[in-house]
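Peer 1: Fold the following and give me the result.
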Amino acid sequence: MITPQYCQMMARYNAWQNHNMRAACETLTDEDRRADRGAFFGSVMATINHILWGDSLWMSRLDGGAGPKVAAKDHKDLCDSFAQWATERRVMDQRILHWANTVTEPQLQGDLHWHAQMLNADMRKPMGLCVVHMFNHQTHHRGQVHALLTGFGKTPEDTDLVLMPEEAQWL
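Peer 2: Sure thing, here's the model as predicted:
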């Protein structure tokens, strides 16, 4: 279904978009970042925390490393400050890039097994589907942040995958 090259491209895209999103979010006041704007998770801060929490959860399943530092019910409060979020976001982006640069074809085959605590269910899905889901989840929720930033009168950078620079100056 997918290849290591797909994972590498999407990990680079994720890091690029998170860099751009961070820069745009830095132009907001802390009050604006925390303001409930009627989005699915309410605020910019809650949404970016959710993305980071989800990435931590999926990476723990993919690379066997540490998972989120808070329970699912507290995902919107993962990081107390924007500065903490920005630091943890960079670390997570590096973790995703490392995984993508080391994953092999055989590792992307077969099924992924995990226990979903929120559903209290053992899960089993194709590995490729799970990886695509992780990258799609990031993109979906960054789109929500993009809309929130636009609502604040900010102009976020391009999000088109075909416009991603070849040189990774954001890493």
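
Peer 1: Distance of F82 relative to E105?
Peer 2: As judged by C-beta to C-beta, to the nearest Å, F82 and E105 stand 39 Å apart. Backbone N, C-alpha and C define where each C-beta goes, glycine included.

Peer 1: got the residue ranges for the strands in this structure?
Peer 2: Here the chain has its strands, by DSSP state E, at 111-116, 121-126.

Peer 1: Just send these back as a markdown table, with distance to A86, mean pLDDT and mean neighbour count too.
Peer 2: Listed next are the strands of the chain as a markdown table, based on distance: least, C-beta to C-beta, whole Å; pLDDT from 0 to 100; neighbours: other C-beta atoms under 10 Å:
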| stretch | distance to A86 | mean pLDDT | mean neighbour count |
| --- | --- | --- | --- |
| strand 111-116 | 28 | 94 | 13 |
| strand 121-126 | 31 | 96 | 12 |
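
Peer 1: a markdown table please, covering those and showing distance to T150.
Peer 2: Formatted as a markdown table, those follow (distance: least, C-beta to C-beta, whole Å):
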| stretch | distance to T150 |
| --- | --- |
| strand 111-116 | 33 |
| strand 121-126 | 34 |
